[in-house]
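**Student:** sequence-free structure coming up:
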């Protein structure tokens, strides 16, 4: 149905925009091929993340060494992210085991991670999984919003440029 | 995880951008309140769509008289759409019955609906639900892409301006 947004002011602390729609898949090659066909774009590059212990991954309060295969396909301002879990100990693997393939999260870029994180916690949402980007120039944090919002919310924050 | 899109050319026929992330809910008032709090925006207006027979609704190949309550919250270029099914005979109701609350679809604005529709069908995706916008100046079409893509895809097309 068409969108007629009644409001447009993101909160100060930095929920700027939805920048990703991320799906968990059990076969990233096959998923990426189908998505590329629908979007009419080239097959994306598929990468494997560094082990969790190299990117400070914390899952359910404990360090995790999980990995994932990733692919990104651009669709306007939003990127479709495909995630194939590798190994146990991640919200990606848990989602695939419990729900099968589907939408894992949407991501927001935030300007102030600490403040946005505190706001999410003040709203009653627990942090469930976090880590550094593979490129080591930013952080990601997932919150346990599935029951309340219908999906998981991720905050993405790029380090300030030096 | 951060987005590094490897490709950025939408296909000619008009998949311009992801413009909506749409979730089905069983209580749109409660969902809208939670989403507004997370996004830091005012509570959105909740509307009820006209009966399906007034907006040429077709569901699984047959006319349907289903309705829905809708709310829209803006998050950058993307709008979060909340949908509470009213009555039977829609993909919204079927989703809620089978999966509970969650992501129903993502929407793409297309420039040429007929061509985009033909391309989706050529890729093997069946049309599952369609109708006119309540404002009667555009069409929406949902495709049965859940197994292949992990969610439903919607094409949105606004009538050419007269």
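**Tutor:** Cool, the structure landed. Keep in mind that what you see is a predicted model, and the values were worked out from it rather than measured.
**Student:** every contact and neighbour count from this point should use C-alpha atoms.
**Tutor:** Noted.
**Student:** how far off centre is stretch A:32-43?
**Tutor:** 20 Å (Cα atoms, centre = their mean, to the nearest Å).
**Student:** check stretch A:111-119 too.
**Tutor:** Between the centre of stretch A:111-119 and the centre of its chain there are 16 Å (Cα atoms, centre = their mean).
**Student:** name the residues of that stretch that come out as buried.
**Tutor:** Residues A:111, A:112, A:113, A:116, A:117, A:119 are the ones in stretch A:111-119 that count as buried (16 or more other Cα atoms under 10 Å in any protein chain shown).
**Student:** do me a favour and average the pLDDT over it.
**Tutor:** Throughout stretch A:111-119, pLDDT has a mean value of 90.
**Student:** ok, the closest residue to residue A:150 other than its chain neighbours to residue A:111 distance?
**Tutor:** Excluding the flanking residues, the one nearest residue A:150 by Cα to Cα, 6 or more residues apart in numbering or on different chains is residue B:102, at 4.2 Å. Distance check for residue B:102 against residue A:111: by Cα to Cα, to the nearest Å, it reads 27 Å.
**Student:** which residues in chain A form helices?
**Tutor:** Per DSSP state H, chain A carries helices over the ranges A:28-39, A:91-99, A:113-122, A:146-149.
**Student:** which residues touch the second one?
**Tutor:** Spelled out, it's helix A:91-99. For helix A:91-99, contacts defined as Cα atoms under 8 Å, 6 or more residues apart in numbering or on different chains pick out A:24-26, A:59, A:83-88, A:101, A:104, A:128-129.
**Student:** how about the third one?
**Tutor:** Applying Cα under 8 Å, 6+ apart, the set of residues contacting helix A:113-122 from outside is A:13, A:14, A:15, A:110, A:126, A:127, A:143, A:155, A:156, A:157, B:38.
**Student:** where does chain A dip in pLDDT?
**Tutor:** Applying pLDDT under 70 to chain A flags residues A:1-14, A:16.
**Student:** could you pull out the strands for chain A?
**Tutor:** For chain A, the strands defined by DSSP state E cover A:17-24, A:47-48, A:58-59, A:62-63, A:67-75, A:78-86, A:102-109, A:127-132, A:138-143, A:152-158.
**Student:** quick one: those as CSV, columns for mean neighbour count too.
**Tutor:** What follows is the strands of chain A, written out as CSV (neighbours: other Cα atoms under 10 Å in any protein chain shown):
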stretch, mean neighbour count
strand A:17-24, 24
strand A:47-48, 14
strand A:58-59, 22
strand A:62-63, 14
strand A:67-75, 24
strand A:78-86, 25
strand A:102-109, 24
strand A:127-132, 22
strand A:138-143, 21
strand A:152-158, 23
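**Student:** dump those strands into JSON lines; add distance to residue A:92 as well.
**Tutor:** JSON lines is the format used below for the strands of chain A (distance: least, Cα to Cα, whole Å):
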{"stretch": "strand A:17-24", "distance to residue A:92": "6"}
{"stretch": "strand A:47-48", "distance to residue A:92": "14"}
{"stretch": "strand A:58-59", "distance to residue A:92": "10"}
{"stretch": "strand A:62-63", "distance to residue A:92": "15"}
{"stretch": "strand A:67-75", "distance to residue A:92": "8"}
{"stretch": "strand A:78-86", "distance to residue A:92": "6"}
{"stretch": "strand A:102-109", "distance to residue A:92": "7"}
{"stretch": "strand A:127-132", "distance to residue A:92": "10"}
{"stretch": "strand A:138-143", "distance to residue A:92": "11"}
{"stretch": "strand A:152-158", "distance to residue A:92": "11"}
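**Student:** out of those, flag the one nearest residue B:150.
**Tutor:** Comparison of those against residue B:150 by Cα to Cα identifies strand A:102-109 as nearest, at 4.2 Å.
**Student:** so the residue nearest to residue A:150 touches residue B:31, yeah?
**Tutor:** No - Residue B:102 is beyond contact range of residue B:31, at 11.0 Å (criterion: Cα atoms under 8 Å).
**Student:** who touches both of those two?
**Tutor:** A:149, B:25.
**Student:** quick one, what contacts residue A:146?
**Tutor:** Residue A:146 neighbours (Cα under 8 Å, 6+ apart): A:152, B:102.
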